[in-house]
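Visitor: I'd like to go over a predicted model; first the sequence, then the structure.
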Amino acid sequence: MATYTTISRIRGLFGFSTKDIEDTPLGELIVYIDAEVDSITGQSWTEESTYYAKIQEAATILVGSLVYKRFPDKQELSKQLWEEGDKKLHELGRVPYTKATSYEAIEELASSEMSLKSHTETTE
């Protein structure tokens, strides 16, 4: 599985501090989104791919959405970011829309107390 974004990229783009989200749960969100991107697109992307920059951008936005989902006053921004990231994946033209890519499908994940790492291990 490829890694499409980094903790430092997420922090730099969105301005999240370690008080907002620590590195471990942020890293787990990245792993989760990376797996979702591969699953949704049906492949793992490399830097040599024509669409790699678009995949990186979409993954970064989707992770940002999940972090914002944790803040009650940022729900609308979270939803807007999710839709933007999801749209970028669909712009590739061969990515079908599924329930797994919908914003509603991530609500439980983002607000859950369970570890995202445990979630990804149980769904593989």
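Guide: Ah, there it is.
Visitor: only C-alpha atoms for contact and neighbour calcs from this point on.
Guide: Fine.
Visitor: if I look at the residue lying farthest from the centre of the chain, how far off is Q56?
Guide: Within the chain, E48 marks the point farthest from the mean C-alpha position, 21.2 Å out by CA atoms, centre = their mean. Separation of E48 from Q56 (CA to CA, to the nearest Å): 12 Å.
Visitor: Ok, E36 next?
Guide: In terms of CA to CA, E36 sits 13 Å off from Q56.
Visitor: So the two - more neighbours on which side?
Guide: Q56 (22 against 16; other CA atoms under 10 Å).
Visitor: Name the residues that touch the helix or strand hosting the more buried one?
Guide: Take DSSP states H and E as the rule and Q56 turns out to sit in helix 52-68. Residues outside helix 52-68 that contact it (CA atoms under 8 Å, 6 or more residues apart in numbering): 4-5, 9-10, 14, 21, 26, 29-30, 33-34, 37, 45-47, 74-75, 77-82, 84-86, 88-89, 106, 110.
Visitor: and if we set it to 6 Å?
Guide: Around helix 52-68, the neighbours that count as contacts under CA atoms under 6 Å, 6 or more residues apart in numbering are Y4, T5, K74, S78, L81, W82, G85, K88, A110.
Visitor: Report the contact partners of the second one.
Guide: Residues near T5 by CA under 6 Å, 6+ apart: T60.
Visitor: How about the secondary structure of it?
Guide: Following DSSP: H, G, I helix; E, B strand; the rest coil, we place T5 in the coil state.
Visitor: Okay then, goodbye and thanks.
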